[in-house]
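Q: Provide a 3D model corresponding to the input given below.
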Amino acid sequence: MLICLTALFVLTQDAPVPALDLAALGESIEVDVAKITGRSFKRSVKIKTTTAKQFTDYVIEKLAHDGGTQRMAQDEKIAKMLGMIPRDLDLKALTLEVLAEQVGGFYDPPTESFHVVEGLSEDLTRVVMAHEFTHALDDQYRDLDKLDKDCQYQTDAQLALHALAEGSAMEVMERWMMLNIRSLDMVAVAESQASFSTDTLAAAPPYLWKPLLGSYMAGQTFLRKVEVRTLMTRPAEISGLDLAWAKPPVSTEQILHPAKYWDAEMIDLPTPLLTDTSRLPQGWSMERRDVLGELMLAIMTTPIDQREGVETNPLKLLAIRYTNPAATGWDGDEVLLLKGPEGAAATVLFTWWDDEKEAAEFAESCEPILARIGSDGAFGEGQELSLTLSVLGQGVVLGVVSAPKEIEGLDCPALGKMAFEGVKTVR
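A: The predicted structure is shown next:
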């Protein structure tokens, strides 16, 4: 799914602000960021201004260039078939609207430059620049673009990487703010933030806003090595940032349960699932293979009546939880988006759990979601909806098939057995 790596979302102002000399502002900030991290910049970083419209155009161009437009369309199909977003939602349009409303700055790895959105106050601009300078520094040492492309076909791994990137930038940004506390008017910064529009974000479904905010909030919490962060939680150690970048977390499970990454005795790597799609019925083929992970499965299993927009009050942001009991105990998954003859479509989700109890708990949480999907009917005119929910030991198979009656259906439990037999071989 689309999460804009290396962007800082601070909400944009409508009030006119005098043009700023970004190069002059950036000189001392670059020095501070290098001092805080203990790393020198290898190359100079270009700083530019942009508008929200130009940022949106940048995202659209990047999506088209990297194949992201197609992946987002596939994400939308999967999310709708699994009941994660309303069927009438235009995911791309809403995503772009949210990004345009919220963005304050972003770093572009291919050009090694960062952009600050016009209209921010001077102090808020300085804060944004500290964040983006951190991305630039991390990129010079770790090649963010390569890391991102290496996991672009696994939503879970990509979200984990984004959480590391944004958590790192948030930690350094906050240290920079403390270092410069005397020259920053923090009251004015807070007041300007409070006056910004959050209408689009507040109305967005959790499928969109939770991964977006989670990359910052949960990423920073992960680096602080706690599951629940409060105002009293100690900052992350800079050495910890370096260790995490040397071997990035591979799943949102590790982000949400830091001990499964940081504690040598509790390290928990995902169990890989790989379904043999060559044995699909005639006329059926795979359109997309992905791994959703704990964070996305927590969103999927959130009851419909609890899927609310986000409140941007700082204390309430700290209180947001990015997992739930149904998704805890995740050990691996694979989701397949399949297309069949005459417009038939299917999404089949295979999940593997730490034990049979966790598997049963997840399956139980899926029952009301499937009931809602069923009540909404098939996804195409002249089609029928077939729903599957099977518990196979530690594995759970969830299938949503929308196809004309005469089309040969899918045996989702049989596909699951193949996937789970592979797990036993791997383990």
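
Q: count the neighbours of the closest residue in space to residue 170 that isn't next to it in sequence for me.
A: Nearest in space to residue 170, with sequence neighbours left out and distances taken as CB to CB, 6 or more residues apart in numbering, is residue 220 at 4.5 Å. From N, CA and C alone the C-beta is placed, and that goes for glycine too. Using other CB atoms under 10 Å, the number of residues around residue 220 comes to 22.

Q: is residue 220 within a helix or a strand, and which one?
A: Secondary structure from DSSP states H and E places residue 220 in helix 206-223.

Q: show me how far that helix is from its chain's centre.
A: Computed by CA atoms, centre = their mean, to the nearest Å, the chain-centroid distance of helix 206-223 equals 7 Å.

Q: quick check: the gap between the residue nearest to residue 170 and residue 154.
A: As for residue 220, its distance to residue 154 is 22 Å (criterion: CB to CB, to the nearest Å).

Q: could you do residue 260 as well?
A: Between residue 260 and residue 154 the computed distance is 17 Å (CB to CB).

Q: show me what contacts residue 384?
A: The contact partners of residue 384, by CB atoms under 8 Å, 6 or more residues apart in numbering, come to 378, 402, 403, 404, 405.

Q: 6 Å instead?
A: 378, 405 (CB atoms under 6 Å, 6 or more residues apart in numbering).

Q: how about the helix or strand hosting residue 416: buried residues?
A: Element membership for residue 416, per DSSP H and E: helix 412-426. By 16 or more other CB atoms under 10 Å, the buried positions in helix 412-426 come out as 412, 415, 416, 417, 419, 420, 422, 423.

Q: elements contacting that helix?
A: If contacts are counted by 3 or more CB pairs under 6 Å, 6 or more residues apart in numbering; DSSP states H and E, helix 412-426 sits against strand 345-353, strand 384-392, strand 395-403.

Q: just want the angle from the next helix or strand after the first one to strand 384-392.
A: Using DSSP H and E, the helix or strand that follows strand 345-353 in sequence is helix 356-376. Here helix 356-376 runs at an angle of 170 degrees relative to strand 384-392 (axes from the mean of the first three to the mean of the last three CA atoms, to 10 degrees).

Q: may I have helix 356-376 exported as PDB, CA atoms only?
A: Output in PDB follows, covering the C-alpha atoms of helix 356-376 (Å, rounded to 0.1, in the frame of the first residue of the first chain):
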ATOM      1  CA  GLU A 356      -4.000 -23.000  17.600                       C
ATOM      2  CA  LYS A 357      -5.700 -20.800  20.200                       C
ATOM      3  CA  GLU A 358      -4.400 -17.600  18.400                       C
ATOM      4  CA  ALA A 359      -5.700 -19.000  15.100                       C
ATOM      5  CA  ALA A 360      -9.100 -19.700  16.500                       C
ATOM      6  CA  GLU A 361      -9.300 -16.200  18.100                       C
ATOM      7  CA  PHE A 362      -8.400 -14.600  14.700                       C
ATOM      8  CA  ALA A 363     -11.000 -16.700  12.900                       C
ATOM      9  CA  GLU A 364     -13.700 -15.800  15.400                       C
ATOM     10  CA  SER A 365     -13.000 -12.100  14.900                       C
ATOM     11  CA  CYS A 366     -13.400 -12.600  11.100                       C
ATOM     12  CA  GLU A 367     -16.900 -13.900  11.400                       C
ATOM     13  CA  PRO A 368     -18.800 -10.600  11.700                       C
ATOM     14  CA  ILE A 369     -16.500  -9.100   9.000                       C
ATOM     15  CA  LEU A 370     -17.500 -11.900   6.600                       C
ATOM     16  CA  ALA A 371     -21.100 -11.500   7.500                       C
ATOM     17  CA  ARG A 372     -20.900  -7.800   6.500                       C
ATOM     18  CA  ILE A 373     -19.200  -8.700   3.300                       C
ATOM     19  CA  GLY A 374     -21.900 -11.200   2.500                       C
ATOM     20  CA  SER A 375     -24.700  -8.800   3.300                       C
ATOM     21  CA  ASP A 376     -23.300  -6.400   0.700                       C
END
